[in-house]
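Participant: Curious how this folds, go ahead:
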Amino acid sequence: MAFVTVVPVTVPATAVAAGERSSLAGRLWARLVANSSTLLTLGPVMVLVGAVQAVNAGDWPAYTNDDPGTYLARAWAVQTGRGAHHSLAPYTYWYDHVPFGWIQIVPITWLGQMFRDGSSANVATREIAVAYTLISALLVFVVARRFGCSVVWSAIATGLFGLSPLAVTYLRQMYIDTIGLPWLLAAFALALSPRRRLWAFAASGAAFAGACLTKETFILWLPALAWLVWLRADPKARRMYLFAWGAVAFVLLVLYPMYAVLKGELLPGKGHVSLIGAIEWQLSQRQSTGSVLTRDSKGYELVASWLEGAEWLWLACAAAIPFTLLRRETRVLLAALGVAVLYVLHPGYLPEMFVIGVVPFAALTVACAGDVVWKLSLFGRGWGQRIWRLGCCAGLVMAGAQFVPSWANADEVAMTSNESAQLFETENWLEHHVPRSATLLVDDNVWIQLVDDGYTPDKVVWFWQLDSDPDVERRYPLRWRDINYVVITDTMRVNVLTSASSIPSVVEAIGHSQLVASFGQGPDAFQIRRVGKALAKVPPVWFPMSEVTRSPKSSSGQGAPE
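Facilitator: So this is what the prediction gives:
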């Protein structure tokens, strides 16, 4: 009988660890190889979108809307807590928007040391906006893939979203719509999760709550997303999936009114702001932009500017809608676009930046329809399908010849033009000529830059607050007589001319002032005016150009955020 002796062999722990690392590296390499076509297709598109969105973002478009400055000022208040009411705004926070939007900016500003290194706060807002835009562009690709589009058509959706001149104009500016858009797209991406896990639907509800808590108008996409959840949920457990999605969204959304309840500011009352009062103002008291079907209304002009900025995208979207109905899940896109159209047609107030939430769904509609058409087999398989796809390629080339040159020219303007010189020259003059102890009346874009430059926050007053904020009124009981300088930008000029009755102290301050510096030409020049009680009051039509005195450093001489 032969005896066999088994000698145990001990493998060193280091060898096991090395084997595990090798196996992990192998899996990562295999995944990279498997997705190489995706990376090679999407990578150049993302680089192009990033370049078009980021290059010259600080100089174009002009800072004609002070909403970005407002949100950055509020992020400053959350981050620093100096001179802030409830630490949610540098003045009284009155529930005009949910604070989650600007709270998201705080970690970025903290990591970037934006408020300490002396860099331009206005340019920093554009940098933050570009970062959010790139996240949204990537999520557009993910959503398109999960709708069943090929890699190529998904990349086309990303390009249509990020390269449209309309998107470049709006997405470069740090509106809270730009910040909330990734949340909305993530909600759709999670609802389209291939494995249809319960946690994915719950996460979709959380993402949708994040979108609505960033910008309230995103709740308009609730029907489309709920329909998508219903379509994607397992029929045997559909109620449970819908409950998980809705319950998570509801619990997070209710945190906002609960905050108002805890502050004793849910209902209107004497001596305090309220959530219900702010909602009433937004829904019924805010000045209407008029019907978009009336040629001389502001709503008509706004929609016309949207159409002019991306006419080919809208035309392609309209032509693509019938093809999206051929797939069960892409029918949701019709609901997403239909709700947006109904909102645009309503006769109330239409926010200028509402289009930010519509552009990605227009791009997805075009890409999904293109994928459907590409995969059709009207002439059978083999040569018939090849001929069909050759015809599709010819159609794409012809369509591209129509819109690519115009988009390229518009994007080139965005990447090379400078429309912000007046603002930067104005801020530079103030920094070098106006003492830090002076009290200035400014818009919010100038406010955040001056505070970033070291001016005392309580000495820099956002012009809307002088007649509406009790805290500001207590600090400046003499109103305009307590002001030393007024900085007139496009934002302030438009609001003074259209809403003078709402800001009488601002009108008085300008009326009792004299021009000390001007930047730019004509009636749109930015002006710095010194206020004096003894100065004779000038007529309402200010800014006679004979008063202009240029600084040696000069080379060119609404009440609530939306």
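
Participant: how far away is the residue positioned nearest the centre of the chain from residue 129?
Facilitator: The centroid of the chain falls nearest to residue 178 when counting by Cα atoms, centre = their mean (1.7 Å). When Cβ to Cβ, to the nearest Å is the yardstick, residue 178 and residue 129 sit 5 Å from each other. Bear in mind the C-beta positions are built from the backbone N, C-alpha and C, glycine included.

Participant: what sits in contact with each of these two?
Facilitator: Among the neighbours of residue 178, those also in contact with residue 129 (Cβ atoms under 8 Å, 6 or more residues apart in numbering) are residue 171.

Participant: ok, now which ones touch the residue nearest to the centre of the chain?
Facilitator: By Cβ under 8 Å, 6+ apart, the neighbours of residue 178 are 129, 132-133, 136, 170-171, 353, 356.

Participant: next one: residue 205
Facilitator: Residue 205 neighbours (Cβ under 8 Å, 6+ apart): 187, 244-249, 252.

Participant: What subset of the residues you listed is buried?
Facilitator: Buried by 16 or more other Cβ atoms under 10 Å: 187, 244-246, 248-249, 252, out of the contacts of residue 205.

Participant: if we take the residues you listed, which one ends up nearest to residue 393?
Facilitator: Nearest to residue 393 among the buried ones among the contacts of residue 205, counting by Cβ to Cβ, is residue 187 at 34.3 Å.

Participant: Any idea how far the strand or helix carrying residue 153 is from the middle of the chain?
Facilitator: Assessed by DSSP states H and E, residue 153 sits inside helix 151-163. Helix 151-163 has its C-alpha centroid displaced from the chain centroid by 19 Å (Cα atoms, centre = their mean, to the nearest Å).

Participant: ditto for stretch 49-59
Facilitator: The chain centroid and the centroid of stretch 49-59 are separated by 15 Å under Cα atoms, centre = their mean.

Participant: Need the three-state assignment for residue 516.
Facilitator: strand (DSSP: H, G, I helix; E, B strand; the rest coil).

Participant: so who does it touch?
Facilitator: Residue 516 is in contact with 485, 528-530, 549, counting by Cβ under 8 Å, 6+ apart.

Participant: For ChimeraX, what selects the buried ones among these?
Facilitator: Buried members of these, defined by 16+ other Cβ under 10 Å, are picked up in ChimeraX with:
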select :485,528,529,530
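
Participant: can you tell me which of the contacts of residue 516 are in strands?
Facilitator: Those of the contacts of residue 516 mapping onto strands are 485, 528-530, per DSSP state E.

Participant: Can I get the buried ones among the contacts of residue 205 in a markdown table including pLDDT?
Facilitator: Formatted as a markdown table, the buried ones among the contacts of residue 205 follow (pLDDT from 0 to 100):
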| residue | pLDDT |
| --- | --- |
| 187 | 98 |
| 244 | 97 |
| 245 | 98 |
| 246 | 97 |
| 248 | 98 |
| 249 | 98 |
| 252 | 98 |
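
Participant: ok so, going back, which residues sit against the helix holding residue 153?
Facilitator: Contact with helix 151-163 is made by 37-38, 41-42, 45-46, 48-49, 52-53, 133-134, 136-138, 140-141, 144-145, 149, 167, 171, 313, 359-360, 362-364, 366-368, 370-371, 374, 407, 411, as judged by Cβ under 8 Å, 6+ apart.

Participant: same thing with stretch 27-35?
Facilitator: So stretch 27-35 is in contact with residue 39, going by Cβ under 8 Å, 6+ apart.

Participant: any idea of the mean pLDDT for that stretch?
Facilitator: Averaged across stretch 27-35, the pLDDT comes to 74.

Participant: If you count neighbours, what's buried in that stretch?
Facilitator: The neighbour-count check on stretch 27-35 (16+ other Cβ under 10 Å) flags nothing as buried.

Participant: What angle do helix 151-163 and the longest helix anywhere in the chain make with each other?
Facilitator: Among the segments of the chain that qualify as a helix by DSSP state H, the longest is helix 383-416. On the basis of axes from the mean of the first three to the mean of the last three Cα atoms, to 10 degrees, helix 383-416 is oriented at 20 degrees to helix 151-163.

Participant: by contact count, what packs against helix 383-416?
Facilitator: Packing partners of helix 383-416 (3 or more Cβ pairs under 8 Å, 6 or more residues apart in numbering; DSSP states H and E): helix 36-54, helix 165-171, helix 311-324, helix 359-374.

Participant: and residue 282, which of those is closest to it?
Facilitator: Proximity of the helices and strands packed on helix 383-416 to residue 282 was assessed by Cβ to Cβ; the nearest stretch is helix 165-171, lying at 20.7 Å.

Participant: Could I have the CA atoms of the helix or strand following that closest one written out in CSV?
Facilitator: Downstream of helix 165-171, the next assigned helix or strand under DSSP H and E is helix 176-191. C-alpha atoms of helix 176-191 as CSV (Å, rounded to 0.1, in the frame of the first residue of the first chain):
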residue,chain,number,x,y,z
ILE,A,176,-30.7,77.9,-10.0
ASP,A,177,-32.3,76.2,-13.0
THR,A,178,-28.7,75.2,-14.1
ILE,A,179,-28.0,73.9,-10.6
GLY,A,180,-31.2,71.9,-10.4
LEU,A,181,-31.1,70.4,-13.9
PRO,A,182,-28.6,67.5,-13.0
TRP,A,183,-31.1,66.5,-10.3
LEU,A,184,-34.0,66.4,-12.7
LEU,A,185,-32.0,64.4,-15.3
ALA,A,186,-30.7,62.0,-12.6
ALA,A,187,-34.3,61.4,-11.5
PHE,A,188,-35.1,60.2,-15.1
ALA,A,189,-31.9,58.2,-15.3
LEU,A,190,-32.6,56.4,-12.1
ALA,A,191,-36.2,55.6,-13.1
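
Participant: How far away from the center of its chain is helix 176-191?
Facilitator: Counting by Cα atoms, centre = their mean, helix 176-191 is centred 11 Å from the centre of its parent chain.

Participant: how about the strand or helix carrying residue 206: buried residues?
Facilitator: Under the criterion DSSP H and E, the helix or strand holding residue 206 is helix 198-214. Buried residues in helix 198-214, counted by 16+ other Cβ under 10 Å: 200-214.

Participant: can you tell me which of these lies nearest to residue 65?
Facilitator: residue 214 (17.7 Å).

Participant: winner for burial among the helices and strands packed on helix 383-416?
Facilitator: Mean neighbour count (mean count of other Cβ atoms under 10 Å) peaks for helix 359-374 among the helices and strands packed on helix 383-416, with a mean of 25.

Participant: Leaving out the residues flanking it, which one is nearest to residue 520?
Facilitator: Nearest non-adjacent residue to residue 520, counting by Cβ to Cβ, 6 or more residues apart in numbering: residue 422, 4.5 Å away.
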